[in-house]
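Peer 1: Based on what follows, work out the 3D shape:
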Amino acid sequence: MKFLSLLRDGRSAIGVLADEHTVVDLSVAAPELPRGMCRFLAAGEEAMEAARRAVDSGAGRVALADQTLLAPVPRPRKFLAIGLNYADHAAETGQTPPSFPTVFNKQVTCINRPGGDIHIPRASSAVDYEGEFAFVIGRRCRAVAAADAEAVIAGYTIVNDVSVRDWQRRSPTMILGKGWDTHGPMGPYLVTADEVDDPNALGIRTWVNGELRQDSNTSELVFDCPTLVETISTMCTLEPGDVVTTGTPAGVGLGYKPPKFLVPGDVVRIEIDGLGVLENPVVAEP
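Peer 2: You can find the predicted model right below:
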């Protein structure tokens, strides 16, 4: 299934994509289910089955074009990211790929919806895009071996790990450059793991104003999703709805000479095979 989060009377509700043009609003078709994505995922397979029945029932169908979409996981407890996880991206920044995953966090307040404005803050003119493949945790877990990681991944989505490069360089942890408000666009869907045949063989592409900037494949990841689950869950408990975005391939604005940083008026479009398209306009910070 392809899950979406919809805006309903100032609250989030969960939708399921029925076809290219239609969404099943679970707040109508299955009102007994949790409205928030984290609580829905925590409800497990029983909730998934109820969602499947709701889709089959034909109830609660609305036009996709009429919906205001939120990020598929609007407010996870954890929003984690991986640095230098494609060798070609490490090379374009003058670094070598790490021998162990480089993990940092993006603030959950940075999460942005599909179509939401990316702000160029007054404090910087070095704002960059990073098209990324992300996975979402489906159940509470700790100390998960890589071989068992598939069982705890609910699905996959697209993230733009927007980065404020000058602030990123000011701190060795990268956090200051990664968590600005609006700088975590995500979506449009949470695609359940059973719909993704091979997460290690997905094309990933990023355009800025129609210019193809990034063109790679998740097969190029230095550390794949199971390895990341094992590494992170060794350190902390992962919970339903936690998002881990896996790093970006070469072609970021910083890698060009001179750099091609984002400016107001730009439009960033990211596409990953089977996961849809995430597109966001760029504006000056209000």
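
Peer 1: Just give me the longest helix of this structure.
Peer 2: Assignment by DSSP state H gives helix 44-57 as the longest helix of the chain.

Peer 1: Identify all contacting residues around that helix.
Peer 2: With contacts defined as CB atoms under 8 Å, 6 or more residues apart in numbering, helix 44-57 is touched by 1, 3, 14, 16, 18, 24, 26, 29-30, 32-34, 40-41, 60, 139, 192. In short, each C-beta sits where N, CA and C put it, glycine included.

Peer 1: Break this protein down into its structural domains.
Peer 2: 2-70, 79-284 (automatic domain parsing).

Peer 1: out of the ones you listed, deepest packed?
Peer 2: domain 79-284 (a mean of 19; mean count of other CB atoms under 10 Å).

Peer 1: Using JSON lines, lay out the domains of the chain together with mean pLDDT.
Peer 2: Listed next are the domains of the chain as JSON lines, based on pLDDT from 0 to 100:
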{"stretch": "domain 2-70", "mean pLDDT": "96"}
{"stretch": "domain 79-284", "mean pLDDT": "97"}
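
Peer 1: Now do the contacts for the residue lying closest to Pro249 once chain neighbours are set aside.
Peer 2: Of all residues not flanking Pro249 in the chain, Ser216 sits nearest, at 3.5 Å (CB to CB, 6 or more residues apart in numbering). Shown in contact with Ser216 (CB under 8 Å, 6+ apart): 86, 88, 203-205, 249-251.

Peer 1: likewise Arg61?
Peer 2: 18, 22-25, 29.

Peer 1: Ok, Ala126 next?
Peer 2: 164-166, 259, 261.

Peer 1: Then Gln214?
Peer 2: 131, 204-206, 248-252.

Peer 1: from these, which is closest to Leu7?
Peer 2: Proximity of the contacts of Gln214 to Leu7 (CB to CB) peaks at Gly131, which lies at 24.7 Å.

Peer 1: Can you tell me how far the closest one is from Ile232?
Peer 2: 21 Å (CB to CB, to the nearest Å).

Peer 1: how about the helices in the stretch 151-286 of the chain?
Peer 2: Secondary structure of the stretch 151-286 of the chain (DSSP state H, counting those that start in this stretch): helices located at 165-169, 225-235.

Peer 1: residues in contact with stretch 139-156?
Peer 2: 3, 41-42, 44, 133-138, 190-193, 195-196, 199, 225-227, 229-230, 233-234, 236-240, 272, 275.

Peer 1: my bad, should have said stretch 4-12
Peer 2: Contacts of stretch 4-12 (CB under 8 Å, 6+ apart): 13-17, 23, 25, 27, 35-37, 67-74, 187-190.

Peer 1: One more: stretch 254-267?
Peer 2: 89, 92-93, 118, 120, 125-129, 162, 165, 208-209, 213, 253, 268, 279-284.

Peer 1: please redo it, this time with the cut-off set to 7 Å
Peer 2: 92-93, 118, 120, 125-129, 165, 208-209, 253, 279, 281-284 (CB atoms under 7 Å, 6 or more residues apart in numbering).
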